[in-house]
Structure formats: C-alpha cells, structure tokens
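Undergrad: from the sequence below, what's the structure:
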Amino acid sequence: MKINGNEIRPGNIIEHDGGLWVAVKTAHVKPGKGGAFAQVELKNLRNGTKLNERFRSADKVERVRLEQKDQQFLYETDGMLTFMDSETFEQIALPADLLGDRRPFLQDGMTVVVEYHEEEALSMQLPEKVVCTIEETEPVVKGQTAANSYKPATLDNGVRITVPPFVGTGEQVVVNTETFEYVERA
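TA: Okay, the predicted model is just below:
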C-alpha cells in the first residue's frame, strides 16, 4: 500500500532502499524557506541499523503490513528458540536475538506474537506484563513510606530493576517487558 511521505507514523513499517524499515520517531518540520517535510528515524528490521531520512509529502513510500501469528514458546537450544504455532501446531525455530535484551522475560509455555513478512520472521513481541519473583533485594525497613524512593532488586531471571521499599525477597511482582519497570505486586 503506497502512502505519502508525511503520513509515516512511529511503528509503521515501510519498504525503503531495498530493505524493510520501522519508523522509530517522526517529526514534521516546516522551515521558513522551502516546503514542509517529515524527518523520520528508521530502524532496519533485518540488521538493526538506523537511518535518518527526510520525506516530502509528494514522496510515495510502500507501507508493509506484517502477518502476526501467536506462537507458544517450547524450549531453547544453541541460541535458537523453538515455538509452536497455536493454530497449526507446526514447530519453528527462531534466533534468540530477535528478542534482544527482553530475552530473559521469555518463560516456558509463554505465548508471543511473531511478525512475519513473506514467511520470514522479523520481530517478536512478548506480553506487555510478566510475573517475576524477586531473587534478592534490600530488607524492608519499618516505617519507610513509598514516597518516590525505590531500591534495587534482582529478579529470578537475572534482570535488575528498582522496586518500592515495601517489596521484599521472594515476592512475586509484575514487570513491564518494554520498559523493564516494576508495575505492581502479583
């Protein structure tokens, strides 16, 4: 589907310079001289390189729609994650680096959304919130209030986050997988 250059929004996937790119940031600029344009920061879906590009409203770009499939995580071997399609029960192995730094939040049996472009897996989305257990944190201090004071904690998957002072070791908490932040007690 062709769209105008000024219609690109963050999250849109476009075909540009022979590659697939996701728009990370967009800013519309109206200089004092000359026509307006959209300044777009693009990230390559295949190799992760970034690119800043200007698109005028007259420029046409191809917007790509990715096919999304629910896949259930089964196991990991040699850096490859094995998933099962929830509808066809077909198994597929995908590289663990598709998840990047969110890899520790992937749990056994978890259902993730894998985005495909012509049978090629390009990205993986974890559920927005996951339940983790606090492995180690400072002890609870009596009388301390939760007024904007957070303490460091290590989760059972090795990720370090900050939690409110009333959360103790061994407690289960809900963590946002996008921002790596404490949300609430489980």
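Undergrad: quick check: domain ranges of this structure?
TA: 2-63, 67-125, 129-185 (automatic domain parsing).
Undergrad: export these to CSV and tack on mean pLDDT?
TA: Converted to CSV, these look like this (pLDDT from 0 to 100):
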stretch, mean pLDDT
domain 2-63, 88
domain 67-125, 88
domain 129-185, 86
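Undergrad: in TSV: those, plus mean neighbour count.
TA: Bear in mind the C-beta positions are built from the backbone N, C-alpha and C, glycine included. TSV is the format used below for those (neighbours: other CB atoms under 10 Å):
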stretch	mean neighbour count
domain 2-63	14
domain 67-125	14
domain 129-185	14
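Undergrad: helix, strand or coil for the residue in the chain sticking out farthest from the centre?
TA: Centroid-distance maximum for the chain: K33 at 38.3 Å, with CA atoms, centre = their mean. Secondary structure, DSSP: H, G, I helix; E, B strand; the rest coil: K33 is coil.
Undergrad: just the one 5 residues further on next, same as before
TA: A38 carries the three-state label strand when classified by three-state DSSP.
Undergrad: ok, now R103?
TA: R103 - assigned by three-state DSSP - is helix.
Undergrad: distance of it from V175?
TA: 14 Å (CB to CB, to the nearest Å).
Undergrad: repeat for D101
TA: Taking CB to CB, one finds D101 at 13 Å from V175.
Undergrad: who touches both of the two?
TA: Overlap of the contact sets of D101 and V175 (by CB atoms under 8 Å, 6 or more residues apart in numbering) is empty.
Undergrad: residues touching V175, list them.
TA: V175 neighbours (CB under 8 Å, 6+ apart): F105, K129, V130, V131, C132, L155, V159, I161, E181, Y182, V183.
Undergrad: for D156, phi and psi?
TA: Backbone torsions for D156, taken as degrees, to the nearest 10, come to phi -60, psi -20.
Undergrad: do the same with G5
TA: phi -60, psi -30.
Undergrad: contact partners for R160?
TA: P152, A153, T154.
Undergrad: return the set of residues that bridge with it.
TA: Beta-bridge partners recorded for R160 (DSSP bridges): T154.
Undergrad: next, D97: secondary structure please.
TA: helix.
Undergrad: heads up, I number from 472, so please use that
TA: Understood, numbering begins at 472; the last thing we discussed is D568.
Undergrad: right, and A657 touches Q643 too?
TA: Yes. Counting by CB atoms under 8 Å, A657 does reach Q643; the two are 3.7 Å apart.
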